[in-house]
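Asks: need a 3D model of the following:
(one chain, ligands or ions: 1)
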Amino acid sequence: MKVFLKCLAKVKEATGHGAELIVLPECFNCPYDENYFTDFAEAIPGQSSNVLSNVAKENGIYLVGGSVVEKLDGKFYNTCTVWSPDGELVAKYQKAHPFDINIPGGTSFKESEFFSPGTSFATFDVFGFKIGLGICYDLRFAELAQVYARLGCHVIIYPGAFNMTTGPLHWELLQRIRAVDNQVYIASASLARDTSGPFIAWGHSTVVDPLGKILGTAQEKEDIVYCELDLKHVNKVRKMIPITFQRRTDLYDVVEGKTFISEEKS
Ligand SMILES: NC(=O)CC(=O)C(=O)O
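Replies: Here you go, the predicted structure:
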């Protein structure tokens, strides 16, 4: 509840500065550790959903509610919900790729021992933008972002919590690659670093534009990153560097199990 109240105070603060869409981090209301997931698991709608819905309504904002541990039909999911200024649920996304890594001497985690993977994409429309959702480790999968771009997204939002081994190497790099490859804005919100907690997050919530330029970034501490997104800028970048329209699907088309590469004629 303490964490919840802190987040809600930050939402109020951001709203006071004119924010119209606010993103919370992955597992914002539960320690990111397998020993806590069962106790914090809940249904959607449920306790956290009710609070998120009310907060979105009270502040008159779109709220991307980071992620919560969802219990559904006896399974657990790492789930992001999005709430409208009317307090309505406008999108729900279950993390598709469980965070399973084992770096000797570094970070090891096996989300798949607890969470089931989600099986669908989730988008929502707001202020003329189409927005796609991923969660943290999903950022590593180029195809997920490509699918969102093909679906017409201008922005992909990733609530996250990279770790102290991979964070410094990959967190910013992956966001810039996904932005440039897909000519979309990428926005991530990370847990702040708490060195006394069971999972030490890298932090550094970030927003990147479709050219790969970093528009705003936090450090490791609690903070709010403010950015203004411009739909015209997305279209301008796609015109200036027309890769979105130049894909050679006659030459290559990457579909699982059916990767096609045209043969060179001699
Ligand atoms: N925490 C995650 O889901 C991902 C992460 O830390 C990584 O990919 O590295």
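
Asks: what about Ile156, which SS state?
Replies: Recorded secondary structure, Ile156: strand (DSSP: H, G, I helix; E, B strand; the rest coil).

Asks: give me the neighbour count for the residue lying closest to it once chain neighbours are set aside.
Replies: For Ile156, ignoring the flanking residues on the chain, the nearest one in space by C-beta to C-beta, 6 or more residues apart in numbering is Gly132 at 4.6 Å. Heads up, the C-betas are built off the backbone N, CA and C, glycines and all. For Gly132, the count of nearby residues is 25 (other C-beta atoms under 10 Å).

Asks: the ligand contacts on this protein?
Replies: Phe99, Ile101, Cys136, Tyr137, Arg140, Ala161, Phe162, Asn163, Thr166 (C-beta under 6 Å from any ligand atom).

Asks: buried subset of those residues as a ChimeraX selection?
Replies: Here is the ChimeraX command that selects the buried residues among those (16 or more other C-beta atoms under 10 Å):
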select :99,136,137,140,161,162,163,166
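
Asks: closest to Ser112 out of the residues of the chain next to the ligand?
Replies: Phe99 (8.3 Å; C-beta to C-beta).

Asks: verify the contact between that closest one and Glu113 for me.
Replies: No. Contact between Phe99 and Glu113 fails when scored by C-beta atoms under 8 Å: they sit 10.8 Å apart.

Asks: any chance of the residues of the chain next to the ligand in CSV with secondary structure and pLDDT as columns?
Replies: Output for the residues of the chain next to the ligand, formatted as CSV (DSSP: H, G, I helix; E, B strand; the rest coil; pLDDT from 0 to 100):
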residue, secondary structure, pLDDT
Phe99, coil, 96
Ile101, strand, 93
Cys136, helix, 98
Tyr137, helix, 98
Arg140, helix, 98
Ala161, coil, 97
Phe162, coil, 97
Asn163, strand, 96
Thr166, coil, 97
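
Asks: a markdown table for the residues of the chain next to the ligand, including distance to Asp230?
Replies: Converted to a markdown table, the residues of the chain next to the ligand look like this (distance: C-beta to C-beta, whole Å):
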| residue | distance to Asp230 |
| --- | --- |
| Phe99 | 32 |
| Ile101 | 36 |
| Cys136 | 26 |
| Tyr137 | 29 |
| Arg140 | 27 |
| Ala161 | 28 |
| Phe162 | 27 |
| Asn163 | 33 |
| Thr166 | 31 |
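
Asks: from the residues of the chain next to the ligand, which is closest to Ile200?
Replies: Taking the residues of the chain next to the ligand together and measuring to Ile200 by C-beta to C-beta, the closest member is Asn163, at 6.9 Å.
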